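Chemist: sequence below, structure please.
(one chain, ligands or ions: 1)
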Amino acid sequence: MVAVATLPKHEVKDLALASVGKQRIEWAAREMPVIKQIRERFSQEKPFAGIRLVACSHVTTETANLAITLQAGGADAILIASNPLSTQDDVAACLVADYGIPVFAIKGEDNDTYHRHVQIALDHKPHVIIDDGSDVVATLIKERQDQLSDFIGSTEETTTGIVRLEAMLKDGVLSFPAMNVNDADTKHFFDNRYGTGQSTLDGVIRATNVLLAGKTLVVAGYGWCGKGVAMRAKGLGSNVIVTEIDPVRAIEAAMDGFRVMPMIDAAAEGDLFVTVTGNKHVIRPEHFAVMKDGAMVCNSGHFDIEIDLASLGATATGVREARNFTQEYTMPDGKSIVVLGEGRLINLAAAEGHPSAVMDMSFANQALACEYLVVNKGKLEPGLYSIPTEVDQEIAALKLAAMGIKIDSLTPEQEIYINSWTVGT
Ligand code: ADE
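Modeler: Residues are numbered from 1 along each chain as shown. Sure thing, here's the model as predicted:
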């Protein structure tokens, strides 16, 4: 533990939790070989010497491994929560006490505290921001234009944040380079699909302990996250219904073997609802009205806007805490509707978020995207940048090697053939 006098300014629940956090961070590190290799290189090369960095992320064991990696690279890094309900308090304590990394995050913090932490993050005068949902970047643009002259750029972790960055670009207010980590192949194919698929059901199970076999599970949204949830729920024996607004994704869901229908029809059939659309009020009063007694609803999209909880609260005649992260609303007709995790990311509220093995690749992208911004400081026009293909391929190659999987490479003959247009039938 760093000496008490040198502890950085921080806001965490309880520093006494640090030793539990340390054990858990080290456990996660076992499944994060790619980040480990990057950390070893960063320790030698110090790419972030002199760089002030803010990471706004879910404060988990995996994020801790990222933060330690950035610090090893010489960054003056601080960490804030990207969601009021996702912080692992023991992890926050360990980062402060054992690594001297300032953390501002307490599980269950209210919205005012969350936004105050965003301001504290910007008071750090970051050169680089790692964002998850684009709240820090949006606040920088709205309220801290004076800080932009020193600012190098940002990286964005999640689909919702990318949608917001695209809107900033359209409105002409994105005045720096932003790296689109979410769309890297080694991010969304794995994190969004297998990560969300497993961790969402893990959250549902930890919150409720219900058997998923034989239940009708409605997945709203068939993006990468929805595909993951639907696939894993099917594997556990649920009858899965998908709802969509995109015709192509709807066909994909149908051809993947799921029933597809509008939410108003699915609402009457579902035992459990999972929203993963990134949009607002996907489940709303007309849906609650036709749900079965005891229907359970939860969200695994970034913000807590997908389920219209305000209207549910206004209609309900009562609400009680049935279990941790499980609130049972009584409706005027006597039936109950159960909301898990207050409509916030159920995988992080009631479970531990995505497993370390997928976050290894997501956070390798984050670390290398930050390095790319710093190496290319002053050379990148404002805009949204893809992760370079070589970086994506390198992360995949490192992950494969760590998994002990070998693959083929092209023969010289194949190399010529695949690069030629002259040979046909
Ligand atoms: N997002 C989803 N799961 C996560 C995790 N384990 N750590 C950080 N961010 C996440």
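
Chemist: what residues are up against the closest residue to A316 other than its chain neighbours?
Modeler: Of all residues not flanking A316 in the chain, Y329 sits nearest, at 4.0 Å (Cβ to Cβ, 6 or more residues apart in numbering). All C-beta atoms are positioned from the backbone trio N, CA, C, and that covers glycine. Applying Cβ atoms under 8 Å, 6 or more residues apart in numbering, one finds that Y329 lies in contact with L312, G313, A316, G318, V319, S336, I337, V338, V339.

Chemist: ok, now with 6 Å
Modeler: The contact partners of Y329, by Cβ atoms under 6 Å, 6 or more residues apart in numbering, come to L312, A316, V319, I337.

Chemist: G197 now?
Modeler: By Cβ under 6 Å, 6+ apart, G197 lies in contact with G228, V229, M231, R232.

Chemist: name the helix or strand for the third one, please.
Modeler: Element membership for M231 (DSSP states H and E) is helix 224-235.

Chemist: I'd like the next helix or strand past that helix.
Modeler: Later in the chain than helix 224-235, the nearest helix or strand by DSSP H and E is strand 239-243.

Chemist: that next one pairs with which strands?
Modeler: strand 216-220 (parallel), strand 259-260 (parallel) (DSSP bridges).

Chemist: so which of these gets nearest the ligand?
Modeler: Of all the strands paired with strand 239-243, it is strand 216-220 that lies closest to the ligand, at 17.4 Å by Cβ to the nearest ligand atom.

Chemist: got the contact list for the closest one?
Modeler: By Cβ under 6 Å, 6+ apart, the surrounding residues in contact with strand 216-220 are 226, 229-230, 233, 238-243, 266, 269-275, 277, 282.

Chemist: closest residue of the stretch 251-400 of the chain to the ligand?
Modeler: Going by Cβ to the nearest ligand atom, the ligand is nearest to G353 of the stretch 251-400 of the chain, at 2.9 Å.

Chemist: would you list the phi and psi of that residue?
Modeler: The phi/psi pair for G353 (degrees, to the nearest 10) reads phi 80, psi -170.

Chemist: give me the number of residues near it?
Modeler: As a burial measure, G353 scores 25 neighbours (other Cβ atoms under 10 Å).

Chemist: quick check, it in contact with T60.
Modeler: Yes: in this structure G353 lies within contact range of T60 using Cβ atoms under 6 Å: 4.9 Å.

Chemist: related to what we said a few turns ago, pairing partners for the helix or strand harbouring the residue nearest to A316, with directions?
Modeler: For Y329, the element it lies in under DSSP H and E is strand 326-330. Strand 326-330 has the following sheet partners, assigned by DSSP bridges: strand 318-323 (antiparallel), strand 336-340 (antiparallel).

Chemist: turn the ones you listed into CSV, columns for mean pLDDT and mean neighbour count.
Modeler: Formatted as CSV, these follow (pLDDT from 0 to 100; neighbours: other Cβ atoms under 10 Å):
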stretch, mean pLDDT, mean neighbour count
strand 318-323, 97, 12
strand 336-340, 98, 23
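
Chemist: for S134, find the nearest of these.
Modeler: strand 336-340 (25.2 Å; Cβ to Cβ).

Chemist: could you find the closest non-adjacent residue to S175?
Modeler: Per Cβ to Cβ, 6+ apart, closest to S175 is P382, 5.0 Å.

Chemist: start to end distance for stretch 217-227?
Modeler: With Cα to Cα, to the nearest Å applied, stretch 217-227 spans 13 Å between its terminal residues.

Chemist: ok so, going back, how about the strand holding Y329, which residues are buried there?
Modeler: Within strand 326-330, the residues that count as buried by 16 or more other Cβ atoms under 10 Å are T326, Q327, E328, Y329.

Chemist: number of residues surrounding the residue nearest to S175?
Modeler: P382 has 14 neighbours, counted by other Cβ under 10 Å.

Chemist: quick one: name the residues of the stretch 201-350 of the chain near the ligand.
Modeler: Counting by Cβ under 6 Å from any ligand atom, the residues of the stretch 201-350 of the chain close to the ligand are L348.

Chemist: mind running it again at 8 Å?
Modeler: Within reach of the ligand by Cβ under 8 Å from any ligand atom, the stretch 201-350 of the chain has these residues: L345, N347, L348.

Chemist: the residues you listed in strands, which ones?
Modeler: The members of these all map outside strands under DSSP state E.

Chemist: of these - the most surrounded one?
Modeler: Going by other Cβ under 10 Å, N347 tops these with 30 neighbours.

Chemist: any idea how many residues pack against the closest residue in space to that residue that isn't next to it in sequence?
Modeler: Of all residues not flanking N347 in the chain, S199 sits nearest, at 3.6 Å (Cβ to Cβ, 6+ apart). By other Cβ under 10 Å, the residues close to S199 number 26.

Chemist: separation between S199 and A105?
Modeler: Look at S199 and A105: by Cβ to Cβ, to the nearest Å, they are 19 Å apart.

Chemist: cool, R320 as well?
Modeler: 28 Å.

Chemist: got it, and V260?
Modeler: Counting by Cβ to Cβ, the gap from V260 to A105 is 39 Å.

Chemist: same question, R232
Modeler: 28 Å.

Chemist: who has more neighbours, the two?
Modeler: In this view R232 and A105 are compared by other Cβ under 10 Å, and A105 has more residues nearby, 30 against 22.

Chemist: the more buried one contacts V91, correct?
Modeler: No: counting by Cβ under 6 Å, A105 does not reach V91; the two are 8.8 Å apart.

Chemist: would you mind giving the domain segments of this protein?
Modeler: Structural domains annotated on the chain: 4-187+354-402, 210-301+305-343, as defined by automatic domain parsing.

Chemist: would you turn those domains into a markdown table with distance to N419?
Modeler: Formatted as a markdown table, the domains of the chain follow (distance: least, Cβ to Cβ, whole Å):
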| stretch | distance to N419 |
| --- | --- |
| domain 4-187+354-402 | 16 |
| domain 210-301+305-343 | 31 |
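
Chemist: list the contacts for A105?
Modeler: Counting by Cβ under 6 Å, 6+ apart, A105 touches V59, I80, A81, T87, A92.

Chemist: for it, give me the pLDDT.
Modeler: At A105, the pLDDT value in this model is 98.

Chemist: where's it relative to N182, distance?
Modeler: A105 sits 22 Å away from N182, taking Cβ to Cβ as the criterion.

Chemist: any chance you could map the strands in the stretch 151-300 of the chain?
Modeler: Listed in chain order, the strands of the stretch 151-300 of the chain (DSSP state E, counting those that start in this stretch) span 153-156, 177-180, 216-220, 239-243, 259-260, 272-275, 295-299.
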